[in-house]
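Trainee: after the sequence you'll find the predicted model.
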Amino acid sequence: AQSVTQLGSHVSVSEGALVLLRCNYSSSVPPYLFWYVQYPNQGLQLLLKYTTGATLVKGINGFEAEFKKSETSFHLTKPSAHMSDAAEYFCAVSLNAGNNRKLIWGLGTSLAVNP
Amino acid sequence: DAMVIQNPRYQVTQFGKPVTLSCSQTLNHNVMYWYQQKSSQAPKLLFHYYDKDFNNEADTPDNFQSRRPNTSFCFLDIRSPGLGDAAMYLCATSITAVQPQHFGDGTRLSIL
């Protein structure tokens, strides 16, 4: 069965510090991986995705993530946190197989950015 | 801009009184999803349509129904809302499951 684990339900960083949000997945087939961000009282917005090809993926707002098959990880990073990055972040995996049309979601990580 | 629009943004209803939430899209995507999201939780998929093909999640209560009269619109009907149904309801679309989902801003449902 496929699953997504986000380590750390709450992460707090100082403004200007490195942001690292962890995501590990399990999948029996090559996965498609996504990071979404959710600001209060809004829907989810795609930050970046990995499908095939280059394992380092760059997204919006200066975020990037690296797909590491050997570690079954897809951690999200940003070199320098900004106050506006404070939000909820969700990692998700989709199967590249058959008629599957669903995402498997992690439980989310709430990022706080301190001045 | 092409987008996913949910109306209303905030909905208040009474315990047991039927309520309908709406979603429209200008993306012309085949797949439409309804999610329920409670505070500080991940979105929980209720059901999805692939074109007119309806797919219900096994644990979605019978109290929840959905209609998709055409490609652009999808409705979530809650026949007899209970206090536990108070949540944010999110609509999303995608071309296929391996393509990103595009979300509306959600409808926050309150039950009195």
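Mentor: On my side now, so go ahead. Everything numeric here is computed off the predicted structure, so don't read it as measured data.

Trainee: what comes up buried for stretch A:33-40?
Mentor: A:Leu33, A:Phe34, A:Trp35, A:Tyr36, A:Val37, A:Gln38 (16 or more other CB atoms under 10 Å in any protein chain shown). Where C-beta positions appear, they are placed from N, C-alpha and C, glycine not excepted.

Trainee: with stretch B:49-63 instead?
Mentor: For stretch B:49-63, by 16+ other CB under 10 Å, it's B:Tyr49, B:Thr60.

Trainee: if I look at A:Ser26, how far off is chain B?
Mentor: When distance is defined by CB to the nearest CB, to the nearest Å, A:Ser26 is 16 Å away from chain B.

Trainee: count of residues packed around that residue?
Mentor: Burial of A:Ser26 is recorded as 13 neighbouring residues (other CB atoms under 10 Å in any protein chain shown).

Trainee: which strand residues bridge it?
Mentor: A:Ser3 (DSSP bridges).

Trainee: swap in the one 10 residues further on?
Mentor: The partner list for A:Tyr36 in beta bridges (DSSP bridges) reads A:Leu46, A:Phe90.

Trainee: who are the contact partners of it?
Mentor: If you count contacts by CB atoms under 8 Å, 6 or more residues apart in numbering or on different chains, A:Tyr36 has them with A:Leu44, A:Gln45, A:Leu46, A:Leu47, A:Tyr89, A:Phe90, A:Ala92, B:Phe103.

Trainee: what about the first one, distance to chain B?
Mentor: Using CB to the nearest CB, one obtains 5 Å as the distance from A:Leu44 to chain B.

Trainee: let me see the contact set for that residue.
Mentor: A:Tyr36, A:Val37, A:Gln38, A:Phe90, B:Pro43, B:Leu90, B:Ala92, B:Gln101, B:Phe103.
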